[in-house]
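Chemist: how would this look folded up:
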Amino acid sequence: MASTLYTFPQPTIKSMRDLRFGSARAKTLQAKIYEISKTDMSIQEQQPVELYTSLGDLSDSLPGNTPRFIVLSYPLITKDGRQKTPYVLIYYLPVTATQQAKMLYAGAVEIVRAQADVNKLIEITDEEEILEIEDLINE
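Modeler: Predicted coordinates for the structure are as follows:
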């Protein structure tokens, strides 16, 4: 069964929970990048651990040829003036990633989605797409 292949160490679970509850009323975006450790197949924060508060910094921190999972809380104002803070999982899958890396991350998408308890899954193939995330959230 695929779910036994990947593990979530306690720090990862705490990190995802803290982001979810800590960003619910935030006025700025908050994001964390997660990767799969090839040594033990655990899902963990990308090193160095950082809470991203700008799309530019987030985009710059993504590797050019390795998939990643990004958990993002993105406050925005709806057309009727209400504040809404979507909590989404971004599956970053660059076209230059190896087939092995693509398979490794593809097998974990739904597991990470369930653990992070996100509202929406967005798949992107280029780090520049992060800069257009509001459009992707509203699709």
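
Chemist: From here on, just use CA atoms for contacts and neighbour counts.
Modeler: Will do.

Chemist: any low-confidence regions in the protein?
Modeler: 1-4 (pLDDT under 70).

Chemist: quick one, helices of this protein?
Modeler: Applying DSSP state H to the chain gives helices spanning 10-22, 55-60, 99-106, 109-116, 133-137.

Chemist: Pick the most deeply packed of these.
Modeler: helix 109-116 (a mean of 17; mean count of other CA atoms under 10 Å).

Chemist: just the CA coordinates of it, formatted as PDB?
Modeler: In PDB, the C-alpha atoms belonging to helix 109-116 read as follows (Å, rounded to 0.1, in the frame of the first residue of the first chain):
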ATOM      1  CA  VAL A 109       0.500  14.000  -3.600                       C
ATOM      2  CA  GLU A 110      -2.800  12.700  -2.000                       C
ATOM      3  CA  ILE A 111      -1.100  11.700   1.200                       C
ATOM      4  CA  VAL A 112       0.500  15.200   1.600                       C
ATOM      5  CA  ARG A 113      -2.900  16.700   0.700                       C
ATOM      6  CA  ALA A 114      -4.700  14.700   3.400                       C
ATOM      7  CA  GLN A 115      -2.000  15.400   6.000                       C
ATOM      8  CA  ALA A 116      -1.900  19.200   5.300                       C
END
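
Chemist: on that earlier part again, of the helices of the chain, which is nearest Tyr74?
Modeler: Closest approach to Tyr74 among the helices of the chain (CA to CA): helix 133-137, 8.0 Å.
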